[in-house]
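> What follows is a predicted protein model with its sequence.
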Amino acid sequence: MERRDSAIYSTVELPTVVEAQDDCRLQRKGLHGSTRASCPSCPDFWVKYGNHCYYFSVEKKDWNSSLEFCTASDAHLLRLMDNQEMSHIQHLINKDYYWIGLRKNSSWRWEDGSALNFSRVSSNSFVQRCGVINVHGLQSSSCEVPLQWICKKLRL
């Protein structure tokens, strides 16, 4: 593991992601490994998919601290647009749980206030009010639990 910019980076072995869009190709063996993206529109250690860049943390924080990290990176906690994007993210995250920008007051809503409208959130308790994603789908968790997180921002 390597420590830089108050974050911890390590090599995570994932399937190679190769996608051509707007004549920009990304080929990576790991989210935080030494392989660099050939597309300059996503920062180092961010993964390109479609018109967005995604950051998969290695460090663990609570939901609010994860949100603050994303905001400081000019991004937001992951807001999934549809099942296709959700499947792509699930393919990358192995067995870990990651915070996403989903919270529950009376209903599940993304941090921008929009409603979750394409999937269900599996919940075991009424005190679990923050959303996570893992290979099995969307689940709820107590917002204070330290977990990894995913930030998302528009490609430049």
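Yep, that arrived. Numbers count the residues shown, from 1 in each chain.
> use CA for all of it now, contacts and neighbours both
Will do.
> Quick one: residues contacting the closest residue to residue 107 other than its chain neighbours.
Of all residues not flanking residue 107 in the chain, residue 115 sits nearest, at 7.8 Å (Cα to Cα, 6 or more residues apart in numbering). When contacts are counted by Cα atoms under 8 Å, 6 or more residues apart in numbering, residue 115 is found next to 107, 108, 109.
> Now do the same contact list for the second one.
For residue 108, the set of contacting residues under the criterion of Cα under 8 Å, 6+ apart consists of 102, 115, 116.
> just curious, which of the residues you listed is nearest to residue 59?
Taking Cα to Cα as the measure, residue 59 lies nearest residue 102 of the contacts of residue 108, at 19.4 Å.
> Neighbours of the closest one, how many?
By the criterion of other Cα atoms under 10 Å, residue 102 has 28 neighbours.
> And the pLDDT for it?
For residue 102, the model assigns a pLDDT of 96.
> Would you mind extracting the C-alpha trace of stretch 114-126 into PDB?
Extracted C-alpha coordinates of stretch 114-126, given in PDB (Å, rounded to 0.1, in the frame of the first residue of the first chain):
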ATOM      1  CA  SER A 114     -33.900  12.400  -6.800                       C
ATOM      2  CA  ALA A 115     -35.700   9.200  -6.000                       C
ATOM      3  CA  LEU A 116     -34.300   5.700  -6.500                       C
ATOM      4  CA  ASN A 117     -36.500   4.400  -9.300                       C
ATOM      5  CA  PHE A 118     -34.900   1.300 -10.800                       C
ATOM      6  CA  SER A 119     -33.900  -1.000  -8.000                       C
ATOM      7  CA  ARG A 120     -34.800  -2.100  -4.400                       C
ATOM      8  CA  VAL A 121     -32.600  -1.600  -1.300                       C
ATOM      9  CA  SER A 122     -32.300  -4.700   0.900                       C
ATOM     10  CA  SER A 123     -32.600  -3.600   4.500                       C
ATOM     11  CA  ASN A 124     -32.400  -5.400   7.800                       C
ATOM     12  CA  SER A 125     -33.200  -2.600  10.200                       C
ATOM     13  CA  PHE A 126     -35.000   0.800  10.300                       C
END
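> buried set for that stretch?
Of all the residues in stretch 114-126, those buried under the rule 16 or more other Cα atoms under 10 Å are 116, 121.
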